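Participant: sequence first, then the predicted structure, then my questions.
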Amino acid sequence: MEQQRKLVEPTKSELEILQVLWEVGPATVRAVNDELLKKKEVNYTTTLKFMQIMVDKGLLKRDESQMKHVYSVAEEEQKTKSQLLNKFVDSMYQGSASKLMMQLLGNSNTSKKELEEIKKLLDNLED
C-alpha cells in the first residue's frame, strides 16, 4: 500500500517557484531566478534560500551530481494542486465543490467559451 505523504503547504513565494519548475522542468537556481525576474524583482540569494528550504520541506528534490545543482519538484503538479484545492474547499466551503463553483461563477465575468467548456466537463462527468 502506497503511503500518502502529508502535504506541506507551500508559501506564496514557494508556489511561485513551483510554478516555474512545473513550467520549465528541472532547473538551476539561476534559471528559476531568471524566470521569476520576468514577473517581479527578486534577489538570487533569496531564491536560493527558498529553494534550499523547499528541499528540507520535501517540496523539491536537488540533484547534486553535477557542479551546478539542479532542482525538480518532488510531487507532480496535478497531485500538489489537487491536495491544495481539497484543503481549500474543505476549509472554506465545508467540502462542497458546488458552493465553490457558485462562488467562482458568481464573482467573475465567465466568458461564453469558458461556460461551454464547463458544460462539456460536466456532461463528461455524467457519462
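Facilitator: Great, that's in hand. Note that the structure is a prediction, hence the values are computed from the model and not measured.
Participant: kindly list the longest helix within the chain.
Facilitator: helix 77-93 (DSSP state H).
Participant: and that helix, what does it pack onto?
Facilitator: helix 12-24, helix 97-107 (3 or more Cβ pairs under 8 Å, 6 or more residues apart in numbering; DSSP states H and E). No exception for glycine: its C-beta is placed from N, CA and C like everyone else's.
Participant: which is the next helix or strand following the shortest one?
Facilitator: If I follow you right, that is helix 97-107. helix 112-126 (DSSP states H and E).
Participant: so that following helix versus helix 97-107, what angle?
Facilitator: 170 degrees (axes from the mean of the first three to the mean of the last three Cα atoms, to 10 degrees).
Participant: most tightly surrounded among the helices and strands packed on helix 77-93?
Facilitator: Ranked by mean neighbour count, the helices and strands packed on helix 77-93 are led by helix 12-24 with a mean of 16 (mean count of other Cβ atoms under 10 Å).
Participant: secondary structure class of residue 62, three-state.
Facilitator: strand (DSSP: H, G, I helix; E, B strand; the rest coil).
Participant: check contacts around it.
Facilitator: 51, 55, 69, 70, 71 (Cβ atoms under 8 Å, 6 or more residues apart in numbering).
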